[in-house]
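# Let me see the structure of the following:
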Amino acid sequence: MHILDVITIISAGLMTGTELAVSAFVNPALQRLERGPQAQAVAIFARSLGRAMPVWYVSCFALLLVELFLHRHQGVFIPFVAATAIWALVILFSIAVLVPINNHIIASLSAAVPAVGWERELRKWELLHRVRILLLIVALFVFINAVVA
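Have a look, this model is predicted:
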């Protein structure tokens, strides 16, 4: 079980770190570009991350479910439930709120001339993305705390 704990922590930690890096470093760097190159770069990042991240999110969730099952008779069961529930909430939040905005931004930026208001949509996505990052950090913290307890 120890190796599974390590794999889950690394996987969820890397995911959380990637999301944090996008918010703290990638997006601010892209905002410094001129409008045209910025639109192209945002579209490229949105497409590539939009393909990879769902698989990663679901993989982490599956690992958390396995962990939850394996720790079901232990005193740390409730924190495992909390971490898994938060992760599920993040997935649902992403599907219901962030993915539609992301898809709209990609569609807007795929045109020869970016649609009016795409930058406003991007700022809205970034704000909501920070909420997702906060939830991921909380889930990761609760999970790691339960593992080391």
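
# all helices of the chain, in order?
2-21, 27-31, 35-70, 77-93, 99-110, 118-148 (DSSP state H).

# For stretch 12-22, list every residue counted as buried.
By 16 or more other C-beta atoms under 10 Å, the buried positions in stretch 12-22 come out as 12, 13, 15, 16, 18, 19, 20, 22. All C-beta spots, glycine's among them, are computed from the backbone N, C-alpha and C.

# separation between the fifth one and residue 53?
The one in question is residue 18. To residue 53, residue 18 is 8 Å away according to C-beta to C-beta, to the nearest Å.

# What sits closest to residue 64 if chain neighbours are left out?
Nearest non-adjacent residue to residue 64, counting by C-beta to C-beta, 6 or more residues apart in numbering: residue 84, 4.4 Å away.

# Counting neighbours, what do you get for the one you found?
Using other C-beta atoms under 10 Å, residue 84 has 22 other residues around it.

# which residues touch residue 100?
Contacts for residue 100 (C-beta atoms under 8 Å, 6 or more residues apart in numbering) come out as none.

# what's the spacing between it and residue 144?
32 Å.

# List the contacts of residue 63.
Contacts of residue 63 by C-beta under 8 Å, 6+ apart are 4, 7, 8, 11, 12.
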